[in-house]
Each structure stands twice: as structure tokens, then as C-alpha cells.
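> Predicted coordinates and the sequence they were generated for:
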Amino acid sequence: MKRNSAALANTEYDIIVVGGGIFGVCSAWDAASRGLKVALIEQGDFGHATSANHFKVVHGGIRYLQHLDIPRIRESSAERSALLRVAPHLVHPMPFVIPTYGHGMESREVMMAGLMAYDACTFDRNRDISDPKRHVPRSRTISRAETIKMFPQLSDTDLTGAAIFHDGQMHNPPRLSLAYVQSAVEAGADVANYTEVVEFLRDGDDEKSAVTGVAVHDRLTGDEYEVRGKLVLNATGPWAKWLLGTKKETKLEREPTFSRDAYFVVNRKLVGSHALAIQGQTKDPDAVLSRGNRHLFLVPWRDYTLVGVWHVVHKGRPEEFTVSDEDLQEFIDEVNVSCPELNINPDEVSMWNAGLTLFGENDPNAKDLSYGKRSILVDHKADHGIDGLISLIGVRFTTSRGMAEKAINLAFQKLGIEVPVCKTRVKPLYGGDFDTFDGLIQNATTKCPESVEKSILPDLLHSHGTQYPKLFDYIENDPSLGARIGKTSTLKADVVHAVRNEMAQKLGDIVFRRTDMGTGAHPGDEALQTSADLVAEELGWSTDRKERELAEVEAAFPKL
């Protein structure tokens with residue numbers, strides 16, 4: 001992965017994908033894997049916005065059971081299975097526990113009936129997943145005693161037990177996005193981060209002129225140039241409407257609504273190996289079969305607990321939102337009211353994460369919000385008479401691969417090419433070509449350089465999968481690169497590799513997206529300084545540039 005502006009400016013592509021979030025990178029990988037000449041252009045870093053601030057859950061569609069929406073259940077389950085299949089180093093099954101109460105809609109009896117229906121709808125959920133440890137088990141219920149043993153903080157006298165189902169969890173969403181980019185590059189795509197699309201190129205002056213490419217601005221060098229292509233896929237998520245503009249010839253017929261979805265990270269384990277659902281304070285207005293208020297979840301992730309998710313409709317620019325101290329306190333208060341025994345206090349919150357997701361139509365100031373239902377896929381030739389342009393605005397990280405497949409199928413049709421079979425449902429992503437994770441650990445252990453602590457191997461393999469020997473090669477040549485950075489599980493070799501082979505251009509790319517260093521909490525001043533020194537040496541930064549990069553990273557950590 002090398003930034004090459006000259007290649008972008010001097011090549012005519014079959015398709016230019018604008019937007020390096022999960023829907024864009026999935027589309028680039030799909031298109032390249034099916035033989036199209038692809039350019040992927042992203043204004044920031046790959047997977048830097050909503051895709052990086054994800055709750056890290058791969059949803060199998062169980063909540064759509066309340067909506068009696070079987071197609072969405074089937075779609076979500078199929079895409080969860082695909083991720084478990086193609087990214088075994090980055091996605092694994094996670095058990096979720098929903099407490100049950102009384103003998104009405106919240107009872108064990110009703111939950112068991114619902115889980116049986118869900119399991120029947122997802123009967124093929126483990127098809128072609130070779131490793132039994134990555135299988136999604138059948139759902140089940142447990143007794144009150146078993147539930148309290150698992151979660152002693154649940155002391156409600158009405159508690160009758162709990163239901164257990166499984167979804168998927170991502171080890172590191174930015175690394176998953178990057179694996180799609182790396183797969184696309186390996187298949188021949190040209191990619192560039194920090195490259196902003198300024199406008200569409202047109203083949204004429206009238207409002208119906210076909211789109212023939214994009215004019216771009218390199219946000220690192222200041223260069224401006226044009227990238228030509230037969231098709232442009234606008235996959236910029238919440239930026240999509242801003243890129244399309246307000247002119248009626250490209251404006252979406254119904255302006256999409258986005259929600260600021262937020263959660264926070266607690267620097268202690270509030271639950272064991274199972275995620276726990278607790279009652280929130282809002283209801284689902286679209287539920288046909290309602291069990292009461294929506295759930296908030298306490299999800300174990302590495303050495304932390306993720307708590308969320310909260311939704312608020314956002315009307316402004318995509319970059320103009322935050323989570324205030326008041327917001328965070330309200331989140332904590334709601335959790336503590338629902339489960340007082342947790343006794344979370346703000347000092348324990350190490351991070352908050354938030355991103356914009358496609359949402360439903362809601363009345364102003366509505367408390368019980370309608371979530372997004374379907375992704376938006378627009379052929380602007382059919383809708384506006386403008387050829388050469390497609391827009392894809394996705395609704396859920398889980399369904400990104402499947403929606404990318406639909407978008408690229410449309411692209412082939414518009415190019416007048418017979419649509420080839422899509423293989424991204426089964427073809428392993430970059431680093432994911434192995435049978436079992438245990439076997440991968442055993443293999444890496446036998447090859448591990450002496451300067452590397454064996455305890456960090458699982459984290460290294462989660463990030464790199466079968467590509468880990470590249471880091472070992474660096475360490476064999478320079479044993480000092482086998483040292484951990486500060487108290488993190490990140491090696492100095494990770495940083496060097498990120499710059500040389502993963503298109504990391506800024507310190508924040510490494511701290512927040514190429515490594516695990518800053519994904520759960522501030523890694524400490526020593527770790528940031530060491531990382532900055534390594535990047536500065538690789539990229540030839542001045543002392544002033546290094547200090548600016550350190551200041552940017554510090555500013556990116558939420559002030560709690």
C-alpha cells in the first residue's frame with residue numbers, strides 16, 4: 001500500500017470509489033476481486049469515522065424478530081456468517097444474555113419461543129465455517145439461579161432467568177476496514193487516503209451531463225488533480241448528500257437522516273465472558289411484538305467493558321458533533337438507574353466513541369426513535385438522468401459486504417458487462433487465510449523472535465492474521481523492533497510496518513487505526529512519544545511536525 005498520485009491521475013478506471021468507510025472499502029474489494037480497474041479515494045484515513053467508532057458488534061438480526069422482519073433477519077445472519085468466515089482473526093462469536101422477568105412478554109417462556117423462531121430463521125448460520133469455535137450456537141434459556149451466579153448484580157425479585165443468544169464481535173473495526181483495503185490493493189486497486197474529492201467531472205456543461213471522474217485535492221501535499229473513470233460510486237456515508245450538493249439534478253429525493261450513535265468504554269470488567277442486556281429508558285416505536293424498553297448492553301471487549309448505545313438525530317455537518325460531559329453523565333445515570341449495583345462513575349470511563357449512522361424518519365424532539373431500516377442504493381441515471389454515478393449509503397456495518405455486492409452488480413450492468421460471480425462472501429480477507437486461530441498461534445509461537453514477548457502474540461495475530469511474518473522479518477533484522485511500546489501490546493515493528501506497508505501518514509493513523517494502542521484508553525505519554533519518534537524517523541518529520549502530530553493525537557482523545 002503506497003500513495004501514488006501519479007498513478008491515480010494517469011489511469012482511467014472502470015470505477016472510482018469515493019469514501020473509505022466500511023461500505024466503500026467493501027465495494028473496492030468486491031470490484032477489484034471481480035476484475036474491474038478500481039480507484040479508492042478517502043478524504044481522511046481509511047475507516048476513520050463511523051467505521052472506527054463502531055460498538056464492535058456484528059448483528060445477526062435478532063432484534064428484527066420484534067418487527068416480524070424475516071428478510072432482515074436472514075440478511076443480517078448471512079452477513080454475520082460471511083464475516084466469521086472471511087475474517088477469522090478479526091471477528092468471533094460473542095454470547096449475549098437477556099434477563100427475563102415474570103410471565104408476560106418479558107418471561108422466559110416468551111423469550112424461548114422467540115429464540116426458537118430466530119434459530120429457525122437462521123438455520124444455515126454456520127454454513128462453510130470450518131472452525132467450530134467460530135460457530136454461532138443455538139440459543140437457550142437459563143434459570144434464575146444460573147443467571148444470578150453469572151451476574152450477581154441482578155437481584156430483582158421478579159427475575160426468572162435469562163435467555164442466551166450469540167452475535168459476533170470485532171476485535172478491532174479499523175483493522176477490519178483495513179483488511180478490505182489491503183485485499184483490494186492485492187487484487188490491483190489503487191488507493192489513496194487524505195485525498196478529498198472537490199467535485200465531479202462531467203462530459204458536458206448541461207445538468208444531465210454524465211459523470212466522468214472526480215477532481216481531487218491532496219490534503220497532505222496540497223496538490224490538485226483529476227481522476228478519470230467510467231463510473232463513480234459515492235460511498236461517503238453521512239458526507240454523501242454534501243458531496244452530491246443541493247442541485248436538483250443530483251440531490252437525493254429524500255434527504256437521509258443520521259443519528260449520532262454513542263457509547264462509552266469503562267476501564268474495568270463489569271461483566272464476565274458474556275455481554276449483558278439491561279433495560280434502557282426508550283421504546284422501539286416500530287416493534288410489532290414489544291418486550292418493553294429497548295436494551296442497553298454491557299459488552300466485554302479485551303480488558304474493558306463497552307456500554308451503549310445511545311442515539312440522537314444529528315442535522316448538521318458530519319464532522320460537527322460531539323459527546324458532551326452532560327451527555328456522558330446522562331448515559332452513566334441511565335445505566336446506574338437500570339442496574340444500581342454497577343455503580344459506574346465518570347472516573348472509570350476511559351473513552352467514548354460516536355459515529356453517524358443512517359436513521360429512520362422521526363418527529364422533532366421524539367424520545368422513542370425509529371432506527372434506520374434499509375441502506376440506500378441510487379442509480380443516478382435512473383433517478384436523475386445522469387449517467388456514470390451511483391450512490392450507496394449504508395445503514396449497518398454488518399451488511400456492508402452484501403450492499404457492496406449489490407452496488408458492484410449494478411456497476412457491471414451499467415458498464416454493459418456480464419455480471420461475474422461475487423466471491424467476497426467466502427474468499428478470505430487479507431490475513432484471514434487460515435483454518436483455526438489456535439493453529440495460527442501455535443505456528444507463530446514456533447517462529448517468534450526471542451525479543452518478542454509471547455504474551456502479546458494473540459493481539460498481534462488478531463491484527464495481522466497470516467501476515468504476521470512480515471513483522472517478524474523486521475525484528476530479525478533489528479531486534480529492538482520486537483520491544484513493546486510502553487505498557488501496550490503494540491510492538492515497535494507494528495509502527496514501522498504501518499508506515500512502510502499500510503499507508504499510515506499521520507501519528508493518529510497508527511494510534512487509533514493501525515494498532516490497538518489508543519482504542520480503549522490513552523496509552524500513556526511514553527507510548528505516544530515513542531511512536532512519534534519512530535514515525536518521524538520513517539517519514540523524515542521535523543521536530544515541529546512531530547510536536548504537531550502529538551498535539552493532534554492528544555486532542556483526539558476525549559476529555560473526560
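Alright, I've got the coordinates. Numbers count the residues shown, from 1 in each chain.

> Check for me that Ala262 belongs to a strand.
Yes. The assignment for Ala262 by DSSP: H, G, I helix; E, B strand; the rest coil puts it in a strand.

> show me the contacts for it.
By Cβ atoms under 8 Å, 6 or more residues apart in numbering, the contact set of Ala262 is Gly308, Val309, Trp310, His311, Val312, Val323, Asp327, Phe331, Trp352, Asn353, Ala354. (Each C-beta comes from the backbone N, C-alpha and C, glycine too.)

> same deal with Glu552?
By Cβ under 8 Å, 6+ apart, the neighbours of Glu552 are Lys506, Leu507, Gly508.

> ok, now with 7 Å
Glu552 makes contacts with Gly508, as judged by Cβ atoms under 7 Å, 6 or more residues apart in numbering.

> likewise Phe200?
Residues in contact with Phe200, defined by Cβ under 7 Å, 6+ apart, are Val211, Val214, Val232.

> quick one on the thing from earlier: could you dump the contacts of Ala262 into a markdown table and include secondary structure, pLDDT and neighbour count?
Output for the contacts of Ala262, formatted as a markdown table (DSSP: H, G, I helix; E, B strand; the rest coil; pLDDT from 0 to 100; neighbours: other Cβ atoms under 10 Å):
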| residue | secondary structure | pLDDT | neighbour count |
| --- | --- | --- | --- |
| Gly308 | strand | 91 | 22 |
| Val309 | strand | 93 | 22 |
| Trp310 | strand | 92 | 23 |
| His311 | strand | 88 | 17 |
| Val312 | strand | 88 | 14 |
| Val323 | coil | 94 | 19 |
| Asp327 | helix | 94 | 17 |
| Phe331 | helix | 94 | 23 |
| Trp352 | strand | 94 | 20 |
| Asn353 | strand | 95 | 22 |
| Ala354 | strand | 95 | 24 |
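
> which one of the contacts of Phe200 has the most neighbours?
Highest neighbour count within the contacts of Phe200: Val232, with 29 neighbours (other Cβ atoms under 10 Å).

> Tell me the secondary structure of that one, please.
Counting by three-state DSSP, the backbone at Val232 sits in strand.

> so Tyr225 touches Ala6, yeah?
No. If you go by Cβ atoms under 7 Å, Tyr225 and Ala6 don't touch, sitting 8.8 Å apart.

> Between the two, which has more neighbouring residues?
Higher neighbour count among Tyr225 and Ala6: Tyr225, with 15 against 8, using other Cβ under 10 Å.

> tell me the contacts of the nearest residue to the more buried one once chain neighbours are set aside?
Distances taken as Cβ to Cβ, 6 or more residues apart in numbering place Ala9 nearest to Tyr225, at 4.4 Å, with adjacent residues excluded. Contacts for Ala9 (Cβ under 7 Å, 6+ apart) come out as Tyr225, Glu226, Val227.

> what's the spacing between Ala9 and Gly213?
For Ala9, the distance to Gly213 equals 10 Å [Cβ to Cβ, to the nearest Å].

> so what sits against both of these two?
Counting by Cβ under 7 Å, 6+ apart, the shared contacts of Ala9 and Gly213 are Glu226, Val227.

> where in this protein is pLDDT low?
246-249, 282-293, 361-373, 560 (pLDDT under 70).

> Mind splitting it into its structural domains?
Following automatic domain parsing, the chain resolves into domains at 5-50+174-254+376-415, 61-170+256-359, 437-556.

> Could you provide those domains in TSV, with additional columns for distance to Arg425?
Output for those, formatted as TSV (distance: least, Cβ to Cβ, whole Å):
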stretch	distance to Arg425
domain 5-50+174-254+376-415	7
domain 61-170+256-359	5
domain 437-556	18
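
> Quickly compare the ones you listed and say which is most buried.
domain 5-50+174-254+376-415 (a mean of 21; mean count of other Cβ atoms under 10 Å).

> List the contacts of Ser531.
Ser531 is in contact with Ile485, Val495, Leu507, Ile510, Val511, Met517, counting by Cβ under 7 Å, 6+ apart.

> Hmm, the third one is touching Glu547, no?
Looking back up the chat, that one is Leu507. No. Judged on Cβ under 7 Å, Leu507 makes no contact with Glu547 at a distance of 10.5 Å.

> still on that earlier bit, among the contacts of Ala9, which lie within strands?
Within the contacts of Ala9, residues falling in strands by DSSP state E are Tyr225, Glu226, Val227.

> List of residues touching stretch 461-481?
Contact with stretch 461-481 is made by 89-90, 171-172, 175, 430-434, 440-441, 444, 447, 449, 451-452, 460, 482, 491-494, 496-497, 501, 516, as judged by Cβ under 7 Å, 6+ apart.

> Kindly recompute the last result at 6 Å.
Under the criterion Cβ atoms under 6 Å, 6 or more residues apart in numbering, residues 89, 171, 175, 431-434, 440, 444, 449, 451, 460, 482, 492-493, 496-497 lie in contact with stretch 461-481.

> Show me these that map onto helices.
Per DSSP state H, helices hold the following members of the contacts of stretch 461-481: Arg175, Leu440, Ala444, Leu460, Lys492, Ala493, Val496, His497.

> So Ser177: helix, strand or coil?
Under three-state DSSP, Ser177 comes out as helix.

> And the residue nearest to it when sequence neighbours are not counted, how far from Ala7?
Leaving aside its sequence neighbours, Ser177 sits nearest to Gly47 (Cβ to Cβ, 6+ apart; 3.0 Å). In this view, Gly47 and Ala7 are 22 Å apart by Cβ to Cβ.
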